[in-house]
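In: Provided below are the primary sequence and the corresponding predicted coordinates.
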Amino acid sequence: MSRFERWAVWSTSIATVVTGVIYLWMKYLLVSADPFAVVNHPWQSLVLKLHILVSPLLVFSIGLVALRHVWWHVRSRMRDGRRSGMAMLVAVGPMILTGYLIQAVTHETLLRAMALSHIGLGLLYGAGLLVHQFTAGGKRVRAERAQQRRGRQSERRRAPAAGLSP
């Protein structure tokens, strides 16, 4: 992944997960002092709007890395970070779908099911991204892979020269 792709995925993921968790806290865990209040916190509507505004940027950043990072690693059968990457890959599609359906569904039971699914999948995505960073994308792992590549390249350069010497 390029530096920009990494920045795009991480910044939009953090913004989306943080606004989602704050909204979850405000909507489901806070209790308003006013029994007739429609919202539990004065910033609840603002946080929801921020979540709705930043989440399409997350979808874009995931699409940005889908071919160059995700598909390449799926095809190459790389082991480092495979489980956490696959967990995110499985969670992200339904997470996006339920996020859009929450805005369109009006049936109360279906809306509740979509909301609960979206919350669970969003938390799974956030946890998967953190685990993936430590199992596959840490600086130490990248440095080890770069060292291995350099070793293979230098071996290739020396092999033809060794065969030609008298």
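Out: Ah, there it is.

In: mind listing the helices for the chain?
Out: Remark: helices assigned in the chain by DSSP state H are 3-24, 44-65, 72-76, 82-102, 108-135, 139-164.

In: Which among the ones you listed is found nearest to Pro35?
Out: helix 44-65 (16.4 Å; CB to CB). Any C-beta I mention is one placed from the backbone N, CA and C, and that applies to glycine too.

In: Name the nearest residue to Leu129, ignoring sequence neighbours.
Out: Spatial nearest neighbour of Leu129, excluding adjacent residues (CB to CB, 6 or more residues apart in numbering): Ser13 at 5.6 Å.

In: My understanding was that the one you found contacts Leu57; is that so?
Out: No - using CB atoms under 8 Å, Ser13 is not in contact with Leu57, being 9.8 Å away.

In: Look at the closest residue to Ile96 other than its chain neighbours and say how many residues are nearby.
Out: Once flanking residues are discounted, Ile96 sits nearest to Val59: 5.8 Å by CB to CB, 6+ apart. Per other CB atoms under 10 Å, the neighbour tally for Val59 reads 16.

In: my read: Val59 touches Leu97, true?
Out: No - counting by CB under 8 Å, Val59 stays clear of Leu97, with 10.8 Å between them.

In: Quick check: closest non-adjacent residue to Ile119.
Out: Leu24 (6.1 Å).

In: Roughly how far does that neighbour sit from Glu144?
Out: 38 Å (CB to CB, to the nearest Å).

In: can you check Val47 too?
Out: 40 Å.

In: Of the two, give the one with the bigger neighbour count.
Out: Val47 (20 against 12).

In: how far away is the more buried one from Val54?
Out: In terms of CB to CB, Val47 sits 11 Å off from Val54.
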